[in-house]
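> need a structure here:
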Amino acid sequence: MARKSKTEPEPYGGVQPKKVPEKSIDGKPTIYTYATCPFSLKVKSLLKSRGIDFSNVEVDPMKKTELKWSDWTKVPVFVDADGTHVNDSNDILHYIDETNGGKFPRKGVDSKQDEWMDFSNDILGKSIVAVIYKNYRTSLHALDYVTKVDKFGLRDRIVNKWLGAIIMRMVGKSRAKMFDEPPRENLTTQLNSMSGAIEEDFFGGESPNGADFANYGILRSMQGLNGFDIVENHDIIWPWYGRMQLLSDV
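Below is the predicted model:
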């Protein structure tokens, strides 16, 4: 890909102006992803809940060869069957819902949904990173899992397990500094905050809306890693999590 000029606009979220039908695999909606990415799990949970048959392209986390065609280098990237190209997880959720039944409000229509979808990125995502990568031991455990599940070659898996644990411990430490409480206590506080916004069974009431899928995807990525017991032991979030998991099969 050619290097960007200084006058070339920065990549942005949402639906992109140019369709890329050649990046739709087997003529299906296609998600470019890492297997363990919390933001990708948001999208997969919505796709599966709607029974949408989709293709999954596992991106090499080191080389990102599969995304060389896109200016947006973060996952997930979504390409619909007709080639419509959408960036950013929350924007992708809105696009998929709008084109498949429109069961929850669009961005800007429901301020509560918008608030909690933003929360998934700005607060919850950072909170779980601070817990998962709380120390070198928990970081090593997480990287051992990630490098086995995601598309790493053997050499990259070894290097990234040990080096990645050091790097992610530093990231976890920086995320922890964003909050007033220690990581585990902070995650509990954030889950308590979430629970106050869940009306009936879901954020959306009787049925899930964008906030449900956005926050579920973040917590789903934590399953099996350090701190997931905080989710399991929460008397409101854990039943909600179970309902979302049954609905999405992710």
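> quick one, what contacts Gly27?
Ala81 (Cβ atoms under 8 Å, 6 or more residues apart in numbering). Every residue, glycine included, has its C-beta placed from N, CA and C.
> and the pLDDT for it?
With respect to pLDDT, Gly27 scores 96.
> count the neighbours of the closest residue to Ser195 other than its chain neighbours for me.
Nearest residue to Ser195, sequence neighbours excluded (Cβ to Cβ, 6 or more residues apart in numbering): Ile236, at 3.8 Å. By other Cβ atoms under 10 Å, 13 other residues sit near Ile236.
> do Leu67 as well
A count of nearby residues for Leu67, using other Cβ under 10 Å, gives 19.
> thinking Ile230 is in contact with Leu191, fair?
Yes. The pair Ile230 / Leu191 is scored as a contact, 6.9 Å apart, by Cβ atoms under 8 Å.
> my guess is the residue nearest to Ser195 contacts Glu199. True?
No. Checked against Cβ under 8 Å, the pair Ile236 and Glu199 is beyond contact range at 11.4 Å.
> gap between stretch 107-120 and the chain center?
Its chain's average C-alpha position is 16 Å from that of stretch 107-120, according to Cα atoms, centre = their mean, to the nearest Å.
> begin at 52 from now on, thanks
Happy to do that; since the first residue is 52 now, the last one works out to stretch 158-171.
> would you mark the buried spots in it?
Buried residues in stretch 158-171, counted by 16 or more other Cβ atoms under 10 Å: 158, 161, 164-165, 167-168, 170-171.
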